[in-house]
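A.B. asks: how would this look folded up:
(one chain, ligands or ions: 1)
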Amino acid sequence: MLLLDFDGTLVPLAERPEGVVVTRELIDRMNRLSVLFEGRLALVSGRAIEVLDDFGFEGLSIAGSHGAEWRLPDGSRDGLDRPDELDEAKAAFIKFANGKDGVLFEDKPLGAALHFRLAPSFADASIDLAKGVAGDLHLQHGHDMIEVRVGGVNKGTAIAELMSHAPFAGFRPIFLGDDVTDEDGFARVGDHGGHGILVGRIRDTRASYHLSDPNAVNAWLARALEPAG
Ligand SMILES: O=P(O)(O)OC[C@H]1O[C@H](O[C@H]2O[C@H](CO)[C@@H](O)[C@H](O)[C@H]2O)[C@H](O)[C@@H](O)[C@@H]1O
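C.D. replies: Okay, the predicted model is just below:
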């Protein structure tokens with residue numbers, strides 16, 4: 001079974017969250033792979049399910065929002081509730097980003113994020129603010145971003161949740177990811193006899209294999225769809 005992170009793994013990172021390019025070819029490839037794997041394919045992402053659906057992945061199983069929500073192949077959905085504390089964090093982030101060129105606020109159903117890819121000089125201040133408002137929320141680091149989000153879940157629990165349901169249960173998972181948030185997922189697939197594949201720059205990792213970038217990932221996925229022989 002195949003589990004895939006989205007940003008930085010299936011698509012190259014972009015300057016802004018909404019700037020990633022999802023081609024029709026990618027959507028078709030993922031849908032065909034899902035059929036090939038008899039439904040045992042899922043996205044495991046920090047993005048919300050709705051956002052990934054808007055990119056065109058509404059036909060896929062998804063563990064979204066860092067494992068706080070999930071949709072199975074039969075279309076059933078479940079997940080955690082939005083904590084009230086997020087509203088306060090959201091207000092603080094909007095106020096902070098206001099007037100700071102390149103600092104972006106990202107509103108998420110189960111989190112709130114500040115992006116500083118376009119304004120690296122605001123990285124420390126963004127992280128300090130997030131630490132200050134996090135309270136009982138989980139502080140989530142990512143590529144040039146900081147997020148506060150619902151806690152108690154991560155990419156590892158996301159994978160465990162998927163694997164407790166048909167058609168995933170009992171199969172050996174392969175998980176591809178690029179970010180530090182994906183390390184929990186790499187550890188978890190190992191627990192199930194599977195393997196992690198790190199995408200991008202090599203670092204200290206729980207993954208067993210490596211692919212250089214999203215282009216290499218897509219070439220690898222495309223080969224799986226080629227007729228045998
Ligand atoms: O778990 P993922 O699917 O990798 O999602 C992680 C976060 O991805 C997005 O942010 C990242 O990608 C942006 C677009 O390429 C980039 O501009 C940003 O710097 C990256 O951090 C997304 O916006 C977040 O909500 C996800 O948590």
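A.B. asks: How about stretch 117-135 and the ligand, any contact?
C.D. replies: Yes. Applying CB under 6 Å from any ligand atom, one finds stretch 117-135 touching the ligand at Arg117. All C-beta atoms are positioned from the backbone trio N, CA, C, and that covers glycine.
A.B. asks: Quick check: mean pLDDT of that stretch?
C.D. replies: For stretch 117-135, mean pLDDT rounds to 98.
A.B. asks: Only the buried residues of it, if you could.
C.D. replies: Arg117, Ala119, Phe122, Ala123, Ser126, Ile127, Leu129, Ala130, Val133, Ala134 (16 or more other CB atoms under 10 Å).
A.B. asks: From those residues, pick the one nearest the ligand.
C.D. replies: Arg117 (4.1 Å; CB to the nearest ligand atom).
A.B. asks: which element is that closest one on?
C.D. replies: For Arg117, there is no enclosing helix or strand under DSSP states H and E.
A.B. asks: Identify the residues contacting the nearest residue to it once chain neighbours are set aside.
C.D. replies: The shortest distance from Arg117 to any non-neighbouring residue, by CB to CB, 6 or more residues apart in numbering, is to Asp144 (3.7 Å). The neighbours of Asp144, taking CB atoms under 8 Å, 6 or more residues apart in numbering as the test, are His115, Phe116, Arg117, Pro120, Ala123.
A.B. asks: Can you give me the pLDDT of Asp144?
C.D. replies: 97.
A.B. asks: Just read off the phi/psi values of it.
C.D. replies: Dihedral angles of Asp144 (phi, psi; degrees, to the nearest 10) stand at phi 50, psi 40.
A.B. asks: Ala119 versus that one, what's the distance?
C.D. replies: From Asp144 across to Ala119, the span is 9 Å (CB to CB, to the nearest Å).
A.B. asks: Please name the bridge partners of the nearest residue to Leu176 once chain neighbours are set aside.
C.D. replies: Distances taken as CB to CB, 6+ apart put Ile197 closest to Leu176, at 4.5 Å, once the chain neighbours are dropped. In this entry, Ile197 is beta-bridged to Leu176, Tyr209, by DSSP bridges.
A.B. asks: contacting residues for Ile197?
C.D. replies: Under the criterion of CB under 8 Å, 6+ apart, the contact list for Ile197 reads Ile174, Phe175, Leu176, Gly177, Ala207, Ser208, Tyr209, His210, Leu211.
A.B. asks: ditto for Glu147
C.D. replies: Gly46, Glu106, Lys108, Gly111, Ala112, Ala113, Leu114, Ala130, Leu139, Gln140, His141.
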